[in-house]
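Novice: okay, sequence plus prediction incoming.
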Amino acid sequence: MDPAETTATASLSLSLAPPTSPPPTLALVGQVPTEDNHDFPIKVTMLPNKGRSYVASRTIQPHELILVAEAFGTTMCDPWLDCGICHYCWAEIQDPKARIRLPSTSPFTAAVTGVTVKGVKGRKQETVMVFCDETCLGMYGPDVAEMICRVEGKIRRTWSDSGTRAWKLRSEERPFLETMAVEPDTPSTSSAPSIVATIGRHYSELVKQALATADTKQRILGLSDTDLSVFLNTTWTAIDGLILEQESWILHATTTPATTKNDNQHDTRESHSHTQAQCEALYPKLAKLLLAGNNQATIAPKTSDDDCETIRLISEILYRRQLDIRANVSGSAVNRAGVGSVQERESAKAPAAALKEKSMVPGGNNGSRGGQKATFEDYCAMQSNELILFRQQLQEDIDSQDDQINDDEPEQEQEEHDTQHQQQSRESKHNTNMKQWRKLLSILPNHLLSCFYVYLRLRDAYLLLTRENTITSPSNTSSQQEHQITLSIDNTLFRTILYREVANSFGIRDSSDELLGFAVFPRASFFNHSCRPNIQKKRRQSSRAVRARQMEYWSTSVIQEGEECCISYGDISTDIGERRARLEDMYFFWCSCPRCLEEEAKVIEEEEA
Ligand SMILES: C[S@@+](CC[C@H](N)C(=O)[O-])C[C@H]1O[C@@H](n2cnc3c(N)ncnc32)[C@H](O)[C@@H]1O
């Protein structure tokens, strides 16, 4: 694979239970071909020190097509976004006249009609998606495409030239972090609902809880998997608390437009524009606060292209998950449960069982070696690499900081001391809590802080889009609203998606081996790596409309029943040292495939000679 060339990184809210790890492997272990799938050539099994893997369920002959896997999520690398490559089939667009470009006109300003936020209206939309024609757009899904362009429209916009400049929050209107300044038993002075104060108290406690689990980088590294899960859940939940506090206030302000003197002066339209600006103005403050914990982290004035790639992938997966829910759950159940409900989360937590029920073989058995639509359950069945990635990043941070620590510390401490001194008289309790936050953030890997940043931007964008949907289509009937998909995400869902993409996505390349982007093929994610692979992957060529969304896996030699079926993760032409280092860095394992063992033995032999 190139599960290869991946970019990056699971639970709600106030639950501190460890995430759904270990991955749901056991239900898949020892699968046996059933009556109707006895001819399916591969099955998933558990191998020592390798996790789950595909093995041959019968003798496989060379050049057999053994699996067709369908992509569940894709993301194109930024430079290719508007370069004549179809966003659905990833082929060069043959007929420029038939080409469809989204958005067809600049921004979705129509969606924010009447909102005059300086620097926003009419701003050039940088994200585009192009498709060969209606067929490809239809296959990809016009709604998904539009949604992704809208999300990116929000995300690409710099925070500084949107909300913050247009909307200066008055301190008396600002509950931001207010609850951090009060003792748990002190009533909140905020006009926002009391839930805000409750959340505020709760998340400050969570920060303390996380620090009580581990208060240095080294101690975090020493935590068991279970304790590290609790530590991460607590930290992420505290961040959700910060965000919830702000969202509660924004929603409160939206639903009660005439509660302040200021609001009385505005008509509804202006009120909407202000609340939109508030969304955008509040998040940078939060991001700054979060990132202030680490001297090396800066708040990006503009979201990076890499972050946008990740955001596109997450948004597509999230959207397709909503479609799955709609297809699998009855409409009324969706309404009852609501987006992101506990029921949904529970069903997402039992992917292996669902996979088993649906089909005992990967990719099903429809006579064409699978290829049926991948689902969010399939996606969740992939291995989550959150803990392993976290530890790797933390170790890297420790290694790179080791040399600097002695020089930097006194300066950092002095700076912190000065800042604290200036504010001490008026906000001593606020500072105590801020200090705890800073402490917590300073012991987290920079990589995680970047993930918080991406998460904040997503929450910001989804909130704005939900508001725009409400503003632009207030007259929608309830049945129309039922069919409208609104995206929402919490830290559980964000981490579920992000950390499964890590080491599980495939690079998509053109004929000259240029990397166009990445895709996640959940049912192909059980192929382990070998430097002497017996399976080769190929993009499907049967018809244009399915190209790239499907990947074929072909045997390259005779594979005996029970033998492992492996692909290679990226370049295997390099020497053993380089190969092993790359695999360890990107896929978190030390390769002991037959070829590596042979080459290792040869090196030892030569050294001894
Ligand atoms: C795409 S997944 C393969 C399926 C995975 N084993 C599972 O249980 O979901 C890639 C991960 O599998 C493991 N893996 C793949 N090939 C391996 C190998 N040759 N030796 C050890 N672990 C391997 C590594 O943890 C890697 O990050």
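Specialist: Perfect, I can see it now.
Novice: tally of neighbours for whatever residue of the stretch 101-250 of the chain ends up closest to the ligand?
Specialist: Per CB to the nearest ligand atom, residue 225 is where the stretch 101-250 of the chain lies closest to the ligand, at 14.3 Å. All C-beta spots, glycine's among them, are computed from the backbone N, C-alpha and C. When neighbours are defined as other CB atoms under 10 Å, residue 225 has 13 of them.
Novice: cool, residue 447 as well?
Specialist: Counted by other CB under 10 Å, the residues lying close to residue 447 total 16.
Novice: which non-adjacent residue is nearest it?
Specialist: Excluding the flanking residues, the one nearest residue 447 by CB to CB, 6 or more residues apart in numbering is residue 393, at 4.1 Å.
Novice: now do the buried residues in the helix or strand hosting residue 398.
Specialist: Using DSSP states H and E, residue 398 falls within helix 386-401. For helix 386-401, the neighbour count (16 or more other CB atoms under 10 Å) marks 386-394, 397-398 as buried.
Novice: and the ligand, is it touching that?
Specialist: No - using CB under 6 Å from any ligand atom, we find that helix 386-401 stays clear of the ligand, coming within 7.7 Å at best.
Novice: tell me the mean pLDDT for that helix?
Specialist: Mean pLDDT, helix 386-401: 93.
Novice: for it, packing partners?
Specialist: Contact analysis of helix 386-401 by 3 or more CB pairs under 8 Å, 6 or more residues apart in numbering; DSSP states H and E lists helix 217-221, helix 225-255, helix 446-472, helix 491-501 as its packing neighbours.
Novice: can you tell me which of these is packed in deepest?
Specialist: Each of those was scored by mean neighbour count; the highest is helix 491-501, a mean of 24, by mean count of other CB atoms under 10 Å.
Novice: any chance of the helices and strands packed on helix 386-401 in TSV, plus mean pLDDT and distance to residue 56?
Specialist: Below are the helices and strands packed on helix 386-401 laid out as TSV (pLDDT from 0 to 100; distance: least, CB to CB, whole Å):
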stretch	mean pLDDT	distance to residue 56
helix 217-221	96	39
helix 225-255	81	32
helix 446-472	82	38
helix 491-501	96	26
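Novice: out of those helices, flag the one nearest residue 517.
Specialist: Shortest distance between residue 517 and the helices and strands packed on helix 386-401, using CB to CB, is found for helix 491-501: 12.4 Å.
Novice: partner strands of the helix or strand following that closest one, with direction?
Specialist: Heading C-terminal from helix 491-501, the first helix or strand you meet, by DSSP H and E, is strand 505-509. Looking at strand 505-509 with DSSP bridges, its partner strands are strand 515-520 (antiparallel).
Novice: let me know the angle separating the partner strand from helix 491-501.
Specialist: Here strand 515-520 runs at an angle of 120 degrees relative to helix 491-501 (axes from the mean of the first three to the mean of the last three CA atoms, to 10 degrees).
Novice: surely residue 584 touches residue 596?
Specialist: No - counting by CB atoms under 8 Å, residue 584 stays clear of residue 596, with 11.6 Å between them.
Novice: settle it for me: which of the two has more neighbours?
Specialist: residue 596 (18 against 13).
Novice: tell me which element the more buried one falls in.
Specialist: Per DSSP H and E: helix 594-608 holds residue 596.
Novice: picking that back up, mutual contacts of residue 584 and residue 596, please.
Specialist: Common neighbours of residue 584 and residue 596, counting by CB atoms under 8 Å, 6 or more residues apart in numbering, are absent.
Novice: and whichever residue of the chain sits closest to the ligand, how many neighbours?
Specialist: Nearest to the ligand in the chain, going by CB to the nearest ligand atom, is residue 51, at a distance of 2.8 Å. A count of nearby residues for residue 51, using other CB under 10 Å, gives 14.
Novice: dihedrals phi and psi, it?
Specialist: phi 70, psi -150 (degrees, to the nearest 10).
Novice: near the ligand, which residues of the protein?
Specialist: Residues of the chain lying near the ligand by CB under 6 Å from any ligand atom: 3, 25, 49-53, 383, 503-504, 525-526, 528-530, 587-589, 591, 593.
Novice: buried only: go through those for me.
Specialist: The buried subset of the residues of the chain next to the ligand - by 16+ other CB under 10 Å - is 3, 25, 52-53, 383, 503-504, 525-526, 528-530, 587, 589, 591, 593.
Novice: helices - which of those land there?
Specialist: residue 587 (DSSP state H).
Novice: go through the buried ones among the residues of the chain next to the ligand and say which is closest to residue 95.
Specialist: Ranked by distance to residue 95 (CB to CB), these are led by residue 3 at 33.4 Å.
Novice: of all the helices and strands packed on helix 386-401, which one is nearest residue 139?
Specialist: Short answer: helix 491-501, nearest of the helices and strands packed on helix 386-401 by CB to CB, at 21.9 Å.
Novice: low pLDDT regions in the stretch 201-350 of the chain?
Specialist: Scanning the stretch 201-350 of the chain for pLDDT under 70 picks out 201-202, 246, 248-302, 329-350.
Novice: can we see that at 90?
Specialist: The model of the stretch 201-350 of the chain has pLDDT under 90 over residues 201-207, 238-308, 324-350.
Novice: ok, and the closest non-adjacent residue to the residue of the stretch 101-250 of the chain closest to the ligand?
Specialist: Nearest residue to residue 225 in three dimensions, chain neighbours excluded: residue 387, at 5.9 Å (CB to CB, 6+ apart).
Novice: check residue 154 too.
Specialist: Once flanking residues are discounted, residue 154 sits nearest to residue 461: 3.8 Å by CB to CB, 6+ apart.
Novice: residues contacting the one you found?
Specialist: If you count contacts by CB under 8 Å, 6+ apart, residue 461 has them with 151, 154-155, 311.
Novice: isn't the residue of the chain closest to the ligand up against residue 383?
Specialist: Yes - between residue 51 and residue 383 there is a contact under CB under 8 Å: 6.3 Å.
Novice: quick one, domains of this structure?
Specialist: Annotated domains of the chain cover 1-152+302-385+486-570, 163-301+425-444, 577-609 [automatic domain parsing].
Novice: now do the nearest residue to residue 234 once chain neighbours are set aside: how many residues are near it, please.
Specialist: Closest residue to residue 234 apart from its sequence neighbours, by CB to CB, 6+ apart: residue 210 at 4.4 Å. Per other CB under 10 Å, the neighbour tally for residue 210 reads 26.
Novice: mind checking the SS state of residue 210?
Specialist: Here residue 210 is helix, with the state taken from DSSP: H, G, I helix; E, B strand; the rest coil.
Novice: pull out the buried positions in stretch 135-147.
Specialist: Buried residues in stretch 135-147, defined by neighbour count with 16+ other CB under 10 Å: 135-137, 139-141, 144-145, 147.
Novice: quick one: which of these is nearest residue 204?
Specialist: Of all the buried residues of stretch 135-147, residue 204 sits closest to residue 147, with 35.1 Å by CB to CB.
Novice: do you know how far that closest one is from residue 130?
Specialist: From residue 147 across to residue 130, the span is 16 Å (CB to CB, to the nearest Å).
Novice: residue 515 too?
Specialist: 18 Å.
Novice: show me which of the two is the more surrounded one.
Specialist: Comparing residue 515 with residue 130 by neighbour count (other CB under 10 Å), the higher total belongs to residue 130, at 23 against 15.
Novice: coming back round to it: take the buried ones among the residues of the chain next to the ligand and keep only those in strands.
Specialist: 52-53, 528-529 (DSSP state E).
Novice: just give me the closest of the residues you listed to residue 563.
Specialist: Residue 563 lies nearest to residue 53 out of those, by CB to CB, at 10.5 Å.
Novice: that's all I had, so thanks and see you.
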